[in-house]
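**Student:** Pasting the sequence and the predicted coordinates here, then a few questions.
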Amino acid sequence: MTQQMTIDRTGGPGDAGRRILVSDPLGAEGVDLLSETAKVDVRTGLSEDELVSIIGDYDALIVRSGTQVTGRIIDAAERLIVIGRAGVGTDNIDTEAATRRGIMVVNAPTGNTIAAVEHTIAMMLALARHIPQADASLRDGRWDRKKFMGVEVKDKVLGIVGLGRIGRQVARRVNSMDMEVLAFDAYVPADVGVRYGARMVSLDELFEKSDFITLHTSLTDETRGIIGPENLQKVKKGVRIVNCARGPLVDEKALLDALDRGVVAGAALDVFNEEPPSDTRLVNHPRVVVTPHLGASTLEAQAGVAVTAAEQVLAVLSGKPAEYALNAPILPADDVEILEPFVSLCERMAVFSTQIFREPASRIRIVFKGEIAKHDTTALRASVIKGLLEPVSEERINIVNAELAAQNRHLEIIEEKSSRSDHYGSMITLSMGTDGDARTLSGTVMHGKPHIVMINEYPVDFEPEGYIAVLHNNDIPGVIGKVGTILGQENINIAFMQVGRNQPRGKAIMILGLDEEMPRSVIDKLVESDLIFDANLARV
């Protein structure tokens, strides 16, 4: 049933322009946070057709697992900037379609970590001691103590498939229960496993040696059905399997067969291939413990994922990096303070270059020098592409679809790094065109603000913001006065002036920060003065 609620507590006129649709139940803490800076519509239970008809009015969409965000919905989302998932999994969001449209997808992977960890351990212990079955039997009037003989987890081997946030915390907790922990994760090095009390092994070894197996990996083509016919032939007889991650990680028919044959002693399942499951054979199996997808169902987790999702969405809407972006370069948490001003520098340099270097280039070289070269520059590269293409493209270009847009336009991006920087602690240089006819622009960050410090061979120093005129001239007396006179006659105020030259009375460059836009007619007048032989205006 469709439910609707509108919350609008925005204070300023600029805030009220943002509209956010919440299409699944979201914790009040998250809704309250969103409503401080935007108009929030909470409309749950919408069909795909209903979402298609209204999504064009919204800047952001927040869902949980109920709403299926299809390509059809995304294609109708003309204003949409970000889709937030209040939780971890985004199987219900067509992320590929969102990426093509330049829509960022963010999630809240940490808010329910502890809830999922504790539920996993609770399910493992319930499985080991037959707690649900014994509870049901006693409530039915029976006292069958012998029927529910359990096993201890002490000195048993727990195999963890997927040593991410949840898997690591499970490992840490069962260490205190005197369990030996084996772990498989193709992306986690051995030393990380040791840090959490787990020995990294191959998947085959994990299946062969584990008394309990718990799944904490994401759902991919490789992991779908990882508990299936082939791997169930490798498991230790009497193994117990826990799945609180993703239903399709388990081939349910193969698991049912292994339970019936006694290969698997028991299973604890919080998630299923189909939810709710229409095939109830596993649900009703006497050696299976089940819960209806309760892994994140704690008061603390619901508040946590709601607030985290809201924070991510608001960050994107305000132009800030999102810590948990799934289809855009992520700024590592430890590096955000360092990299964020360089993200702005890269985009501004690129926007500036498209206006002062008028000939389009099919090859862009990005050179990172000094301290910045030691960091992950993926987001900086995407920001350069965004700055280059957004001003000249009819479609939305941002860091989400920047790489895809560059590929579609056959734009070659070459990236180089050097730990040495001759003049600044960190410097970024954009070089456009072929090596023999390259136009270059260099910049750095000073006191947290972007500065352009070189245009071609000319040293300069200015902040790329507002209207900026770039004039090429001969370094002779009278040029500055003539330029000032012409702009004064046109009532154009000069905010700042920078000059750069290589030698006295040679070629020179003049940078003017202007309070007003300089019309083409004034540019022509400057060039016609014979003192200026080239002039361009940029707005950054």
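**Tutor:** All right, it came through fine. Numbers count the residues shown, from 1 in each chain.

**Student:** Quickly list the domain ranges of the chain.
**Tutor:** If you go by automatic domain parsing, the domain ranges for the chain are 3-109+300-317, 113-290, 329-454, 466-540.

**Student:** Give me the secondary structure label for V42.
**Tutor:** Here V42 is recorded as strand under DSSP: H, G, I helix; E, B strand; the rest coil.

**Student:** so it touches D24, yeah?
**Tutor:** No. With contact defined as Cβ atoms under 8 Å, V42 does not reach D24; the gap is 9.2 Å. Quick note: C-beta positions are derived from backbone N, CA and C, even for glycine.

**Student:** Overlap in contacts, these two.
**Tutor:** Taking Cβ atoms under 8 Å, 6 or more residues apart in numbering as the contact criterion, V42 and D24 have no common neighbours.

**Student:** how about the residue nearest to I399 when sequence neighbours are not counted, what does it touch?
**Tutor:** Nearest residue to I399, sequence neighbours excluded (Cβ to Cβ, 6 or more residues apart in numbering): A382, at 4.0 Å. The contact partners of A382, by Cβ under 8 Å, 6+ apart, come to 328-329, 399, 402-403.

**Student:** do the same with D155
**Tutor:** Contacts of D155 (Cβ under 8 Å, 6+ apart): 178-180.

**Student:** Same check on I452?
**Tutor:** Applying Cβ under 8 Å, 6+ apart to I452 gives the contacts 349, 352, 441-443, 460-464.

**Student:** Which member of those residues is positioned nearest Q503?
**Tutor:** V460 (15.7 Å; Cβ to Cβ).

**Student:** Next one, pLDDT for Q3 please.
**Tutor:** For Q3, the pLDDT comes out at 59.

**Student:** Let me see the ranges of the helices in the stretch 51-200 of the chain.
**Tutor:** For the stretch 51-200 of the chain, applying DSSP state H, counting those that start in this stretch gives helices covering 71-75, 95-100, 113-129, 131-139, 165-175, 190-195.

**Student:** I'd like to know which of those lies nearest to I509.
**Tutor:** helix 95-100 (39.6 Å).

**Student:** and the closest one, how far from the chain's centre?
**Tutor:** 13 Å (Cα atoms, centre = their mean, to the nearest Å).

**Student:** Please name every helix or strand in contact with that helix.
**Tutor:** helix 71-75, strand 104-107 (3 or more Cβ pairs under 8 Å, 6 or more residues apart in numbering; DSSP states H and E).

**Student:** need the strands for the stretch 201-350 of the chain, in chain order.
**Tutor:** 212-215, 239-243, 264-269, 288-290 (DSSP state E, counting those that start in this stretch).

**Student:** how about CSV for the domains of the chain, with distance to E323 added?
**Tutor:** Below are the domains of the chain laid out as CSV (distance: least, Cβ to Cβ, whole Å):
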stretch, distance to E323
domain 3-109+300-317, 7
domain 113-290, 13
domain 329-454, 6
domain 466-540, 27
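
**Student:** ok so, going back, quick one: the strands of the stretch 201-350 of the chain as JSON lines, columns for distance to N491 too.
**Tutor:** Putting the strands of the stretch 201-350 of the chain into JSON lines (distance: least, Cβ to Cβ, whole Å) gives the following:
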{"stretch": "strand 212-215", "distance to N491": "70"}
{"stretch": "strand 239-243", "distance to N491": "72"}
{"stretch": "strand 264-269", "distance to N491": "75"}
{"stretch": "strand 288-290", "distance to N491": "77"}
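
**Student:** Run through the bridge partners of L514.
**Tutor:** Y467, I494 (DSSP bridges).

**Student:** That one against I492, yeah?
**Tutor:** Yes. The pair L514 / I492 is scored as a contact, 5.9 Å apart, by Cβ under 8 Å.

**Student:** any idea of the mean pLDDT in stretch 255-271?
**Tutor:** 98.

**Student:** Between its first and last residues, what's the separation in that stretch?
**Tutor:** End-to-end distance of stretch 255-271 (Cα to Cα, to the nearest Å): 14 Å.

**Student:** give me every residue that touches A322.
**Tutor:** 82, 104, 106, 312, 315-316, 328, 330.

**Student:** which one of those sits closest to L269?
**Tutor:** Using Cβ to Cβ, V106 comes nearest to L269 of those, at 28.6 Å.

**Student:** which one is the closest one nearest to, not counting chain neighbours?
**Tutor:** Q312 is the one closest to V106 (Cβ to Cβ, 6+ apart), at 4.0 Å.

**Student:** I'd say that neighbour and E323 touch.
**Tutor:** Yes. If you go by Cβ under 8 Å, Q312 and E323 touch, sitting 6.9 Å apart.

**Student:** and those two? which has more neighbours close in?
**Tutor:** Q312 (26 against 18; other Cβ atoms under 10 Å).

**Student:** now the helices: where do they sit in the stretch 251-400 of the chain?
**Tutor:** Under DSSP H, counting those that start in this stretch, the stretch 251-400 of the chain gives helices at 252-260, 299-317, 336-356, 378-389.

**Student:** wait, what's in contact with the residue minimising distance to the centre of the chain?
**Tutor:** The centre of the chain sits closest to A325, judged by Cα atoms, centre = their mean, with a distance of 1.2 Å. Counting by Cβ under 8 Å, 6+ apart, A325 makes contact with 104-106, 312, 316, 400.

**Student:** How about it: which residues does it bridge to?
**Tutor:** V106.

**Student:** which stretches of the chain aren't confidently modelled?
**Tutor:** For the chain, the stretches with pLDDT under 70 are 1-16, 330-334, 360, 394-395, 434-437.

**Student:** how about 50 then?
**Tutor:** 9-15 (pLDDT under 50).

**Student:** secondary structure element for N536?
**Tutor:** Applying DSSP states H and E as the criterion places N536 in strand 532-539.

**Student:** Can you list the helices and strands that that strand packs against?
**Tutor:** When contacts are defined as 3+ Cβ pairs under 8 Å, 6+ apart, strand 532-539 packs onto helix 336-356, strand 467-474, helix 520-528.

**Student:** That one versus helix 336-356: what angle between them?
**Tutor:** 130 degrees (axes from the mean of the first three to the mean of the last three Cα atoms, to 10 degrees).

**Student:** Can you tell me the strand partners of strand 532-539 and which way each runs?
**Tutor:** Strand 532-539 has these strand partners (DSSP bridges): strand 467-474 (antiparallel).

**Student:** The strand it pairs with versus helix 520-528: what angle between them?
**Tutor:** Using the same axes, to 10 degrees, strand 467-474 lies at 20 degrees relative to helix 520-528.

**Student:** what residues does strand 467-474 touch?
**Tutor:** 352, 356, 455, 462, 479, 483, 505-518, 523, 526, 531-540.

**Student:** Same check on stretch 485-504?
**Tutor:** Contacts for stretch 485-504 (Cβ under 8 Å, 6+ apart): 455, 457-462, 466, 475, 480, 484, 507-516, 518-519, 522, 525-526, 529.

**Student:** Can you flag the buried ones in these?
**Tutor:** Using 16 or more other Cβ atoms under 10 Å as the burial test, these include 455, 458, 460, 462, 475, 507-514, 518, 522, 525-526, 529 as buried.

**Student:** Including mean neighbour count and distance to L282, could the helices of the stretch 51-200 of the chain go into JSON lines?
**Tutor:** Below are the helices of the stretch 51-200 of the chain laid out as JSON lines (neighbours: other Cβ atoms under 10 Å; distance: least, Cβ to Cβ, whole Å):
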{"stretch": "helix 71-75", "mean neighbour count": "18", "distance to L282": "32"}
{"stretch": "helix 95-100", "mean neighbour count": "19", "distance to L282": "30"}
{"stretch": "helix 113-129", "mean neighbour count": "21", "distance to L282": "13"}
{"stretch": "helix 131-139", "mean neighbour count": "14", "distance to L282": "14"}
{"stretch": "helix 165-175", "mean neighbour count": "22", "distance to L282": "22"}
{"stretch": "helix 190-195", "mean neighbour count": "14", "distance to L282": "31"}
